[in-house]
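Colleague: The following comprises the amino acid sequence and a computationally predicted model.
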Amino acid sequence: MVAIPEHTRHFEQLTERWLPLAIGWARRLGGPTSDPHQVAADALLQGMWAWRDTDDEEARAAWLFARVRRANRRATWRAEGVSGSVGAMPSAVRALWVLRVVEGLHPDDVTLLTGVSEARQDARLQAVVAHQPEAIAAWAVATEPHDHDVVAARAQLRPRWRADGQPLPGLGVHRRRRYRLTVALSAAVAAMLLVALASLLAPPGRPLWLPGTTELAGVHLRHEGLGWVAEDVDGVRVTWSRGVLTAAVAPHGRRATIDVSGRSLVVHPGGALTLAPLLLGAKVDAQGPVYASCGGDGQVQVHGATVCLPEPAELLTDIVRLRQQGAEPSALLAMIDAVLPAAEPGPARVELLALQVSLLLEMDRPADALTAIDAYLAQGIDLRRADMEALAQHLREAQAPRGP
């Protein structure tokens, strides 16, 4: 009788234990458009590396659920009945509903997997459309993983596991620790070399990282955040990345150029501004001769409170790209809120309004989403009108007080 190698036996046990859970979560959180076998295989392969220094089953379950949920964070789908309701839920609500209602987990177990307290679970689930228990049970059975699912996911995972060095939890812990120590020491040496190189190549100047004021060549800076200031042949140059900056140039001072989030503002003698960065620009309050390169060609003079952002069409493209790259919804929403009041009627404004609705729903802010839907419908266009009206009706019904 041929003995089964220890690595192979451990691999079979690990996949038998965790693949059914991962496949079930992937199918229920990702819907019919997802590939649950692929998602489960990806997550478990990462787990085989991440779990090598722990044998805590609860920690492993929470880690695995977080990876599966992240892979299906933007999943939406349309269907009838229970499946349709699940597809329309925001990602955060869907995760709680699947665990609490479909899988019947205790709120404490849901807290362990998601980090959401029982009170917040109840508050988020109040807005979910109720279904008959029989319909929910039928959907649970339809999305339950079977033996052939485990076989399919294991078939995808096995060659990748072998190509990745056959990582397994509980094996090679000391080797793993030595590897981490080597990486840490290498990173420390590389950081020291980079600091030394930066000190040689960096332009003369100083950091702005403590709240306070700085005077340089007739430029008065009041800073509460993080940046860098230096003087060169063209004047004073400030690179600003976080917080609020106020710059005022005396009549006899040199002009100040401020680079912030890919945009450039120039304050000439006698001018002043206050700015706060956005993801792709800044909020600006300017007085006197202040010019900005925000979007389009060349510099334009700015007055009073305004925003330095790309044109709406360019901004829309950039926001969609950043959202796909995982940018924070709140940062994207801040830019949309800043540019919408001045945006001219047109296709770009309509798409920004639709994106605003989507981001508000993703952030679990249904009341604000209703207001945004009303603004969208007020444009008087037919594009998505039926969908927006249906979504508004659903949100109003979810917010309506329920009888005893």
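Modeller: That came in fine, so what should we check first?
Colleague: Could you look up the SS state of residue 214?
Modeller: Three-state secondary structure (criterion: DSSP: H, G, I helix; E, B strand; the rest coil) places residue 214 in strand.
Colleague: Sketch out the low-pLDDT regions of the stretch 151-300 of the chain for me.
Modeller: 170-177, 198-204, 295-297 (pLDDT under 70).
Colleague: just the helices in it please.
Modeller: 173-201 (DSSP state H, counting those that start in this stretch).
Colleague: List the contacts of residue 376.
Modeller: Each residue near residue 376 by Cβ atoms under 8 Å, 6 or more residues apart in numbering is listed here: 350, 353-354, 357, 384, 388. For every residue, glycine as well, the C-beta is placed using N, CA and C.
Colleague: ok, 6 Å please
Modeller: By Cβ atoms under 6 Å, 6 or more residues apart in numbering, residue 376 lies in contact with 353, 388.
Colleague: Against residue 80, how distant is residue 384?
Modeller: 20 Å (Cβ to Cβ, to the nearest Å).
Colleague: let me fix that: residue 264
Modeller: 53 Å.
Colleague: who's more crowded, these two?
Modeller: Taking other Cβ atoms under 10 Å, residue 264 and residue 80 do not tie; residue 264 has more neighbours (15 against 7).
Colleague: Can you report how many residues neighbour the nearest residue to the more buried one once chain neighbours are set aside?
Modeller: Spatial nearest neighbour of residue 264, excluding adjacent residues (Cβ to Cβ, 6 or more residues apart in numbering): residue 293 at 4.6 Å. If you count neighbours by other Cβ under 10 Å, residue 293 ends up with 16.
Colleague: what does residue 57 give?
Modeller: 11.
Colleague: One more: residue 272?
Modeller: 18.
Colleague: That one: what's it in contact with?
Modeller: So residue 272 contacts 248, 287-288 (Cβ under 6 Å, 6+ apart).
Colleague: Compare those residues and tell me which has the most neighbours.
Modeller: Going by other Cβ under 10 Å, residue 248 tops the contacts of residue 272 with 19 neighbours.
Colleague: Surely that residue touches residue 220?
Modeller: Yes. With contact defined as Cβ atoms under 6 Å, residue 248 counts as touching residue 220 (4.7 Å).
Colleague: Residue 86: which element?
Modeller: helix 81-88 (DSSP states H and E).
Colleague: For that helix, which helices and strands make contact with it?
Modeller: helix 133-142 (3 or more Cβ pairs under 6 Å, 6 or more residues apart in numbering; DSSP states H and E).
Colleague: Quick one: mean pLDDT over the helix it packs on.
Modeller: Mean pLDDT, helix 133-142: 87.
Colleague: what does that helix rub up against?
Modeller: 82, 102.
Colleague: Would you mark the buried spots in it?
Modeller: 136, 139-140 (16 or more other Cβ atoms under 10 Å).
Colleague: what's the angle from that helix to helix 81-88?
Modeller: 70 degrees (axes from the mean of the first three to the mean of the last three Cα atoms, to 10 degrees).
Colleague: Let the chain start at 600 from now.
Modeller: Sure thing, new numbering starts at 600, so read that last one as helix 732-741.
Colleague: for helix 732-741, the distance to its chain's centre please.
Modeller: Helix 732-741 sits 32 Å away from the centroid of its parent chain (Cα atoms, centre = their mean, to the nearest Å).
Colleague: Can you show me the CA trace of that helix as PDB?
Modeller: What follows is helix 732-741, C-alpha atoms only, in PDB (Å, rounded to 0.1, in the frame of the first residue of the first chain):
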ATOM      1  CA  PRO A 732     -39.200  31.500   5.700                       C
ATOM      2  CA  GLU A 733     -39.900  28.800   3.100                       C
ATOM      3  CA  ALA A 734     -38.600  31.000   0.300                       C
ATOM      4  CA  ILE A 735     -35.400  31.800   2.200                       C
ATOM      5  CA  ALA A 736     -34.900  28.100   3.000                       C
ATOM      6  CA  ALA A 737     -35.300  27.200  -0.700                       C
ATOM      7  CA  TRP A 738     -32.700  29.800  -1.700                       C
ATOM      8  CA  ALA A 739     -30.300  28.500   1.000                       C
ATOM      9  CA  VAL A 740     -30.700  25.000  -0.400                       C
ATOM     10  CA  ALA A 741     -30.200  26.200  -3.900                       C
END
